[in-house]
Each structure stands twice: as structure tokens, then as C-alpha cells.
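Peer 1: this one's sequence-less:
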């Protein structure tokens, strides 16, 4: 959820950041390197892209939803912490980055790019100096940001599979990669429990034991056969030997497939949405992946074979509803979960959980308010009074949350519980309907956002985006 | 100003209508006088600060005419200080002028439109925009002598600006092209401290010393949070917490000094 914490500013960055370098270097009579559009005063290097302005965001399904259960307190707390920059170190916190920045909705972030730490969009050097100088190995060796869907059945962890337990791996990300403070055992349990809940998205093309069901086309069937066929020069090998269809398309082992070392077998489930591919994100498409194996293992694939394999990979890597559109309804899904957690935390006098909930919900509501621009934003017209009412309601919720935190600090849990009722009424009976009603005039409306981008480019005399795409 | 007068009358009527008991309805009348006198004494600070913004804009115009980009940039920066310190007042009392003068983020006019040209593409051809800015600031200055400084709206302005200040991140901020976002924030915090001290501090202290101490301390923390050398060192979490605590305390203080709970968005109630 906290993908949103810096949404607006990242939007600005996205709109102009990438473009400015190119267009202004040519025109500027003064020191171009000092141009402060996003590099001079920020924590992240100039040209960083967190893709927090995306209109479509990965759909998330938790196992409890399949069961029709409510999310447990522990899982909700883990979800909250996962989306809270406060559990990470200084640089991440200042940059507003949480686990959820890279693993949006528990998936990946194919567009994330941080100069100096990324080689391709969607990759990140976990042993770079920026977030934890002590972890710096002085080599640019980014790995692709993995999707966490189904992580509970995908041990061992890390691209090289060096860590057997998910809990240990989570701790390593927080403390080792992002220099966060040592998490309490309860917090670590919660984050681990949450990650274990992130499920694969259902794939309507798959039947039992990872086999294609009766929706399969002829080409897909041929691909499925090829996938299981022994390699010509080493019949002990096949694609399916490592990517076992009945076992989430993994074998839990590391292999050297000619990509520069031993790396664990990645799952192919929902992999259509997991690009880029290979541990270092070197390939953008299945075609390139198939070419790699064809080349390294001298498979002698015909043009049709390659096509069939790619078609098969697309079928098994598919998902029903892979994305949600960002908007008020989408945002309120998490808000409901975290509000429920907050009332439980107040009842349990769980200060750490109350603080996390207040921080995360408050940050989200602040961000929601900014989706409804005020009178100073000349790019948005219409429904100004309604936009202001939506903003005011969101801000009132933020202050109500702060009162809960203040009561908690003062050890007055009864006052916190009483304020929670105010908070609940404000957010669900006032703020949400106002936001829903005003959504067409908000930045959730792509047309409004486009109008703003056009104005911004004109203002900075930037070229059209088509000319500056990476 | 007509607009201010109308709204004040309206909020007066509303507080009469919504008062649960006659005693509550009487309270504003009894208490209003000292607060209004205090608000009156805030006027000359506004006149000074916005006068400085106007003088800065005029210098900016002169430097642009001389094609002196560096001089124009420093004049722009200087003009911002008084403006940002007055934000307690400007965004609520004169929203149309505020929109013209300080439109953000995508305006081609006002301070940020000129900023984009001057700092973003280093051009000194924004004479027309600067003339308009001067005209708007002059109009604003002319209004200052007689605008109705209703305490309720000033409290709203303080609360709103305190809230807004808490939303700042170490990410470049409002004036990222000029690199003066941190200065904006410092001026905002100083403007909050000034308006609160001049207009409300005594009344709150008389009504509830503990609340007054809490609000004073929150304001000082807010000022300290932005008193840093580099925006990258901003502790955004702490700033946010301090800003929200201040707003919560101001909301608690309002009924104690016979005012309505401050709105966080002008014209939303």
C-alpha cells in the first residue's frame, strides 16, 4: 500500500526526471550537472524510477481469501510492516521505500530503476552501497526483483538459493540489505506469515499437477511435450526435469545453466508478469529465454519448436486478472484490513502495531488527499469544492489517527478506543463516499493526469515522451 | 475584503446555530474581543512580509530586464521568504490571488512558472509573467490594510499549513528547480510560530496552560525539524508526527478559546 507514500513526487520525477537530462543538457548555459530537478536534494540518485505512479498495479491474492477467511491479526500486521518504510534503514525510510516498493502487491516491480543499483528496469543490486554501505561488495551485480507469489513453496531463498528459511531471508533483507534495525521476533514472524500468505494468482489454463487443461491449443500441447522431452545431448535433462509441473515448476535446487553461476530454478507460474528473466534480469521475453537454452544446450529447436515452447510458457505463466486499476476502491481494500488491525491492536494494547498502523494509514490518507488537488493546481478543473471536501475529510482522518497515537503514548487506551470510533466514522462514512464521488476529478482519472503531464512538459519545454523513452 | 467579511458573518451565524446551549453561544462574543485585537496586531507582520515579497519581485523584474540570470535567481529566492512566511494567511484569505501567485505544480504563471524558466531552463524571458506577479502581489498588498483578519480563519490557516508542512519529504519538495524547498519549509514553520505567538498563544495559555505548553512545544519541534542544512537530512517521519500533533492540539485548543475546530481545507465545511 505504501507504494503511495511518495506517489506524487515520483510522478513529478517520472514526468520530467528522465526527460530533463536529455533535453536540457543541450540547451543549458549553466552547469547542467547541478540541475536540481530530482538529483540535487534527494536521497535517491537522479533518474530513479520507483513506478509509484502506475495506473495498473499487480493484483494480490492471499491464501486466506481462497479459504474465505478473514486475514489473521498476524498476517495483517506483517502486511502493514511490509508496506512500512519504518522497518528499514535510514536511506530507505527517507526515500519512502518499503518492502512493498519493490514487491508491489507482493509481486515484483518491473519498472523500478535506480541508477547505480539497477542494470535493467526491474533489477536491483542488493549489495550496493546506497542502502547499506556495510553490505557493499563494490561490484555492480544487480538481481531481478522476484515476485513473492507462492514464496512459501519456493524454498530455498535468494536467487542463488543460499538461505533455506524464508524467515531468515526476510530478516536478511531488512537488516542486511536495507540496514533496518533488528526486527523483534514478533515482527519478523508477522512479515514472514504475510509473505507465506501471498499466493499465486489462479491460472484458468492449468489443470491438475501443472498440466494444461482442455483449453489448450494444438501449439500449446506441442510445447508441453517439448517441455518434457529429454535434451538431445544429455537425456537426463529436460525443461520439466527442473521446472516440475506438479511442483510449482521448481525443483528447489540450484543449477548452472550457463548464466554465470549456480542459481535456483525459478517458478514459471504467473511468470508472464515476472519479466525480466534470469537472476540478473538479462532477458525481457520468453523468446530470448528459449533462445538461451537452445544455444547453451544445443537443443536444435526448429522455428516451430521455439514458437510452441513460447506459447506453452505463456499458457502456464498466465493468470486470471493479473492487475487492478489504482483508485479509491483499490486503496480502501488495504485501508479496511489495516483499520481492523488497528482496532484489534488497541484492544490488545499492542503499541508497536498501533504505531505502525497509524503511520501507514496516516501516510496513505495523506497521499489520498493529494490525489484530489486543491486550488493551486492549475491543471485540474472542476468540482473544486468537492475536491476540497474530499481533501479535508482525508486530513481529518489523519489527525484522528494521530490522536489515537497520542492517547496510546499517554497510556490511555480507553481514549484511543473512543477515538477509533471517530476515526472509523470519519473514514468509512465520510471520507470514502466523498472520494468516490470526486474520483473523476482526481489524479486517479488518467485523463486528469495526462492533462497535467502535458502542462508540465510545456512548462519545462520538454520534448514529447516518445522521443525520450529509455 | 468583501469575501472575508461574508464568511466571517456566516461562521458567526453557524456558531450561534450550532451552539448546544445559550452559554456556548454567548462565549464567542465575550472572548472574541482580545483575539481579534491580537489578530489585528498580526497585520503589520503580514504587511512587512508581503511587502518584502513584492520588493523581491520588483528586483526580479529589474534583473530579468538586465538579462542577469544569477541576479534574477537570487531575487526570486529572496521574494519567496516573506511569501512563504505569510502562507498562514494567503491560501485561505485570498485563494484567487494565491492561485495566481503560487500555483503549483504545473503552472506557467506565478512564482513556480517563473522558477521553471529561470532555474529549469535558465531563461530570462519571463518579463510578462513577472509583471503579472508584481501586479498580483501589489493587489494583495493593497488589500492588506483593510482585510478582515478573522481569528477563526487564521487558526484554520495555521492548522492547514502545519498539516501541509508535515507532508514534506526529503525528495526535492515544492521548489525543487530552485533548490529552495527547505527554505520554503523553514519560512512556513516560522510563519506558523509567528502567527500562533502573536494571535493565539496568550488566549490558549489563559484558557488551558497545559494545552498551551503542548502546542508551544509542538511548534518548536516543528521548527527544529526543518532547521537542517540539507533537505536530504530531513526526518520526514518525525516532521509528520510533530505536524499532526500540533494540528490535533490546535483542534483541542479551539473550543477553549471559543473558536470552531479549525478546518484543514478552506471552504470545505
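Peer 2: Looks like it arrived, so ask away. Just so it is clear, the model here is predicted, and its values are computed rather than measured.

Peer 1: CA atoms for contacts and neighbours, from now on please.
Peer 2: Fine.

Peer 1: Pick out the residue of the stretch 51-200 of chain A closest to chain B.
Peer 2: residue A:94 (6.1 Å; Cα to the nearest Cα).

Peer 1: pretty sure that residue contacts residue B:231?
Peer 2: No. Counting by Cα atoms under 8 Å, residue A:94 does not reach residue B:231; the two are 10.2 Å apart.

Peer 1: So between the two, which is more surrounded?
Peer 2: Neighbours of residue A:94 and residue B:231, each counted by other Cα atoms under 10 Å in any protein chain shown, are more numerous for residue B:231; the result is 26 against 23.

Peer 1: okay, now the spatially closest residue to residue A:259 that is not a sequence neighbour: neighbour count?
Peer 2: Nearest residue to residue A:259, sequence neighbours excluded (Cα to Cα, 6 or more residues apart in numbering or on different chains): residue A:278, at 7.9 Å. Neighbourhood size, residue A:278 [other Cα under 10 Å]: 18.

Peer 1: And the pLDDT at residue A:278?
Peer 2: Looking at residue A:278, its pLDDT reads 97.

Peer 1: Quick check: it touching residue A:144?
Peer 2: Yes. Assessed by Cα under 8 Å, residue A:278 is found in contact with residue A:144 at 7.5 Å.

Peer 1: need the residues of the stretch 51-200 of chain B near chain A, please.
Peer 2: B:95, B:98-99, B:102-108, B:113, B:116-117, B:120-122, B:167, B:169-173, B:176-179 (Cα under 8 Å from any Cα of the partner chain).

Peer 1: What subset of the residues you listed is buried?
Peer 2: Among these, those classed as buried by neighbour count (16 or more other Cα atoms under 10 Å in any protein chain shown) are B:95, B:98-99, B:102-108, B:113, B:116-117, B:120-122, B:167, B:169-173, B:176-179.

Peer 1: give me phi/psi at the most centrally placed residue in chain B?
Peer 2: Nearest to the geometric centre of chain B sits residue B:87, at 1.7 Å (Cα atoms, centre = their mean). Taking degrees, to the nearest 10, you get phi -60, psi -20 for the backbone angles of residue B:87.

Peer 1: What of residue A:206?
Peer 2: The phi/psi pair for residue A:206 (degrees, to the nearest 10) reads phi -100, psi 140.

Peer 1: surely it meets residue A:316?
Peer 2: Yes. If you go by Cα under 8 Å, residue A:206 and residue A:316 touch, sitting 6.5 Å apart.

Peer 1: Tally up the residues packed near the nearest residue to residue A:193 once chain neighbours are set aside, please.
Peer 2: Here the nearest residue to residue A:193 in space, its sequence neighbours aside, is residue A:75; by Cα to Cα, 6+ apart that works out to 5.6 Å. Taking other Cα under 10 Å as the neighbour definition, residue A:75 ends up with a count of 24.

Peer 1: mind listing what residue A:75 touches?
Peer 2: Contact analysis of residue A:75 by Cα atoms under 8 Å, 6 or more residues apart in numbering or on different chains lists A:190-191, A:193-194, A:197.

Peer 1: Columns pLDDT on top of these, output as JSON lines?
Peer 2: Formatted as JSON lines, the contacts of residue A:75 follow (pLDDT from 0 to 100):
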{"residue": "A:190", "pLDDT": "97"}
{"residue": "A:191", "pLDDT": "98"}
{"residue": "A:193", "pLDDT": "98"}
{"residue": "A:194", "pLDDT": "98"}
{"residue": "A:197", "pLDDT": "97"}
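
Peer 1: of all those residues, which comes closest to residue B:206?
Peer 2: Closest to residue B:206 out of those is residue A:190 (47.9 Å), distances taken as Cα to Cα.

Peer 1: Quick one: neighbours of that closest one, just the number.
Peer 2: Residue A:190 has 24 nearby residues by other Cα under 10 Å.

Peer 1: so where does it fall, helix or strand?
Peer 2: Per DSSP states H and E, residue A:190 falls inside helix A:185-197.

Peer 1: Packing partners of that helix?
Peer 2: Helices and strands touching helix A:185-197, by 3 or more Cα pairs under 8 Å, 6 or more residues apart in numbering or on different chains; DSSP states H and E, are helix A:73-82, helix A:166-171.

Peer 1: all helices in chain B, in order from the N-terminus.
Peer 2: With helices called from DSSP state H, chain B shows them at B:2-18, B:22-65, B:69-85, B:87-93, B:95-102, B:110-115, B:127-144, B:151-165, B:181-195, B:201-207, B:209-226, B:236-256.

Peer 1: Reformat the ones you listed as a markdown table; add distance to residue A:445.
Peer 2: A markdown table is the format used below for the helices of chain B (distance: least, Cα to Cα, whole Å):
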| stretch | distance to residue A:445 |
| --- | --- |
| helix B:2-18 | 32 |
| helix B:22-65 | 36 |
| helix B:69-85 | 31 |
| helix B:87-93 | 26 |
| helix B:95-102 | 22 |
| helix B:110-115 | 24 |
| helix B:127-144 | 30 |
| helix B:151-165 | 23 |
| helix B:181-195 | 28 |
| helix B:201-207 | 43 |
| helix B:209-226 | 34 |
| helix B:236-256 | 28 |
